[in-house]
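**Student:** need a 3D model of the sequence below.
(2 chains)
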Amino acid sequence: EPEVTQTPSHQVTQMGQEVILRCVPISNHLYFYWYRQILGQKVEFLVSFYNNEISEKSEIFDDQFSVERPDGSNFTLKIRSTKLEDSAMYFCASSEEGIRGERNTIYFGEGSWLTVV
Amino acid sequence: AQSVTQPDIHITVSEGASLELRCNYSYGATPYLFWYVQSPGQGLQLLLKYFSGDTLVQGIKGFEAEFKRSQSSFNLRKPSVHWSDAAEYFCAVGANNAGNMLTFGGGTRLMVKP
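**Tutor:** Numbers count the residues shown, from 1 in each chain, chains lettered A, B, ... in the order given. Predicted coordinates:
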C-alpha cells in the first residue's frame, strides 16, 4: 500500500538553528499538508499546499516556517530559527483530492519528532 | 470555525467487550468526518470516514461509526475489542468553508484489559 514517508524520524537541534523536515507524499496525490502535535496536545494543522503554492495556513505557520516542493517527489518543511516551543511531532500528509472530493482521505506519515534544546 | 470534542480522555475496556468512543463536532453544515488511530510511535492511520450517503460507515479492523446530524456526533464503535486495539483514537472534521484542513479532537486513549 502506498504510504507517506518522512525523514528524519527524530531530530534534536539547538535553539536558533534551522531545521528541514522532509517528506515524500504518495505519488499520485496533489494536496500536501503539514500538521504538528505537541506532546500531550491535539494534532494541529499548519499548512496545506496545492499546485505549487500554499493554499491555507494556520496562525501557527508564521514567518519562521516555510514549505517547498523542490522536485516532483519531495515536500519539505523548514523552520528558520527554532524555538523551544517548536518541539513537537511533525506529520506530513497528502491526499488525492481536496476536502470536497470523494478521494479526500488525508494519509499521514509516521512523523518526525523534533526536540529543540 | 469548526471544533471537535472527544469527551473521554481515557477509556479502559476488557478484551471481548464492546466499545464506543464519542465524538461531537460543531459546524453549521454537513461536515466531512474521520476517525484515525495512532499506536505508540506510529503515525495516524485512517479507520473510516463519512463523506456522504449512508450515515453508518464501516471501516478497517471491525470498526464502524454513525453520523447523527441531530446530535452533531460521529461515535466510533466496535462490538468486540481485541488487545491490539489499545491505542489513541482521534476524531477529525473537515468542512467546505475551511479549505482542506482537518480539525482534530483531543483524542481518546484506549486501554484493553486481558
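**Student:** let me know the outermost residue of chain A.
**Tutor:** The centre of chain A is farthest from one residue, A:Glu102, which by CA atoms, centre = their mean lies 22.8 Å away.
**Student:** pretty sure that one sits against B:Gly53.
**Tutor:** No: taking CB atoms under 8 Å as the contact criterion, A:Glu102 and B:Gly53 are not neighbours in contact, 10.1 Å apart. Quick note: C-beta positions are derived from backbone N, CA and C, even for glycine.
**Student:** where do the strands sit along the chain?
**Tutor:** Using chain A here. Secondary structure of chain A, counting by DSSP state E: strands at A:5-7, A:10-13, A:19-24, A:31-37, A:43-50, A:53-57, A:65-68, A:75-79, A:88-95, A:107-108, A:112-116.
**Student:** ah, no, chain B please
**Tutor:** Taking DSSP E as the criterion, chain B carries its strands at B:3-5, B:10-14, B:19-21, B:24-26, B:32-38, B:45-50, B:56-58, B:64-68, B:73-78, B:87-94, B:103-104, B:108-113.
**Student:** average pLDDT across the second one?
**Tutor:** The average pLDDT for strand B:10-14 rounds to 97.
**Student:** and for that strand, what's in contact with it?
**Tutor:** Here strand B:10-14 makes contact (CB atoms under 8 Å, 6 or more residues apart in numbering or on different chains) with B:Leu19, B:Leu21, B:Val81, B:Thr108, B:Arg109, B:Leu110, B:Met111, B:Val112, B:Lys113, B:Pro114.
**Student:** now, of these, which are buried?
**Tutor:** Listed as buried from the contacts of strand B:10-14 are B:Leu19, B:Leu21, B:Val81, B:Thr108, B:Leu110, B:Val112; burial here means 16 or more other CB atoms under 10 Å in any protein chain shown.
**Student:** just send the residues you listed back as JSON lines, with distance to chain A too.
**Tutor:** JSON lines is the format used below for the buried ones among the contacts of strand B:10-14 (distance: CB to the nearest CB, whole Å):
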{"residue": "B:Leu19", "distance to chain A": "21"}
{"residue": "B:Leu21", "distance to chain A": "16"}
{"residue": "B:Val81", "distance to chain A": "23"}
{"residue": "B:Thr108", "distance to chain A": "12"}
{"residue": "B:Leu110", "distance to chain A": "17"}
{"residue": "B:Val112", "distance to chain A": "21"}
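**Student:** between those residues, which sits nearest A:Glu56?
**Tutor:** Using CB to CB, B:Thr108 comes nearest to A:Glu56 of the buried ones among the contacts of strand B:10-14, at 27.0 Å.
**Student:** who touches the closest one in this structure?
**Tutor:** By CB under 8 Å, 6+ apart, the residues touching B:Thr108 are B:Gln6, B:Asp8, B:Ile9, B:His10, B:Ile11, B:Leu21, B:Arg22, B:Glu88, B:Tyr89.
**Student:** same deal with A:Phe49?
**Tutor:** So A:Phe49 contacts A:Tyr31, A:Phe32, A:Tyr33, A:Ser55, A:Val67, A:Arg69, A:Phe75 (CB under 8 Å, 6+ apart).
**Student:** which of those residues has the largest number of neighbours?
**Tutor:** When neighbours are counted as other CB atoms under 10 Å in any protein chain shown, the busiest of the contacts of A:Phe49 turns out to be A:Tyr33, with 28 neighbours.
**Student:** relative to chain B, how far out is that one?
**Tutor:** Noted for A:Tyr33: a distance of 7 Å to chain B, by CB to the nearest CB, to the nearest Å.
**Student:** my guess is that residue meets A:Val43, correct?
**Tutor:** No: applying CB under 8 Å as the test, A:Tyr33 and A:Val43 come out as separate, 11.0 Å apart.
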